[in-house]
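> Here's a sequence, model it:
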Amino acid sequence: MTLDVTSVQTTEDFQLDIHFKNGERRRFDMRPLLQMKPWNRIATPQLFMRASVKYGTVVWPGEIDIAPETLYEDSIKC
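Reported below is the predicted structural model:
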């Protein structure tokens with residue numbers, strides 16, 4: 001099973017709605033991570049909303065990303 005991310009949408013409460021290549025749609029809560037490095041650099045709504053997909057995962061400006069396996073395993077089905 002491939003865990004590549006194909007699209008992402010952010011929410012105002014720091015959640016990610018993620019579509020995976022396997023067809024699943026899942027929701028990932030970023031709030032716990034935003035207190036830790038390097039994710040604390042995107043802890044404002046303006047920066048968080050700049051999430052995009054590159055290399056099969058979610059990324060932000062400043063070379064901030066999360067492994068697709070983490071996004072999948074620590075998310076819930078939508």
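> where does R25 fall, phi/psi-wise?
phi -120, psi 130 (degrees, to the nearest 10).
> Which strand residues bridge it?
Per DSSP bridges, residues listed as beta-bridge partners of R25: H19.
> can you pull the contacts of it?
D17, I18, H19, K77, C78 (C-beta atoms under 8 Å, 6 or more residues apart in numbering). To be clear about C-beta, it is placed using only N, CA and C from the backbone, and glycine gets the same treatment.
> ranking those by neighbours, who comes first?
Among the contacts of R25, I18 has the most neighbours (other C-beta atoms under 10 Å), with 24 neighbours.
> Quick check: the gap between that one and I42.
16 Å (C-beta to C-beta, to the nearest Å).
> same check, this time on K54
K54 is 15 Å from I42, by C-beta to C-beta.
> More neighbours: those two, which one.
I42 (21 against 9).
> Next, give phi and psi for the more buried one.
Dihedral angles for I42 - degrees, to the nearest 10 - are phi -120, psi 30.
> Surely it and E63 touch.
No. The pair I42 and E63 fails to qualify as a contact (C-beta atoms under 8 Å) at a distance of 11.4 Å.
> Model confidence at M1, what's the number?
With respect to pLDDT, M1 scores 60.
> quick one: buried residues of stretch 12-27?
Under the neighbour-count criterion of 16 or more other C-beta atoms under 10 Å, stretch 12-27 has F14, Q15, L16, I18, H19, F20, R26 buried.
> meant to ask about stretch 38-57
W39, I42, F48, A51, V53, T57.
> Would you reformat the residues you listed as JSON lines and include pLDDT, secondary structure and distance to L33?
Output for these, formatted as JSON lines (pLDDT from 0 to 100; DSSP: H, G, I helix; E, B strand; the rest coil; distance: C-beta to C-beta, whole Å):
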{"residue": "W39", "pLDDT": "97", "secondary structure": "helix", "distance to L33": "4"}
{"residue": "I42", "pLDDT": "97", "secondary structure": "helix", "distance to L33": "9"}
{"residue": "F48", "pLDDT": "98", "secondary structure": "helix", "distance to L33": "11"}
{"residue": "A51", "pLDDT": "98", "secondary structure": "coil", "distance to L33": "13"}
{"residue": "V53", "pLDDT": "98", "secondary structure": "strand", "distance to L33": "18"}
{"residue": "T57", "pLDDT": "97", "secondary structure": "strand", "distance to L33": "14"}
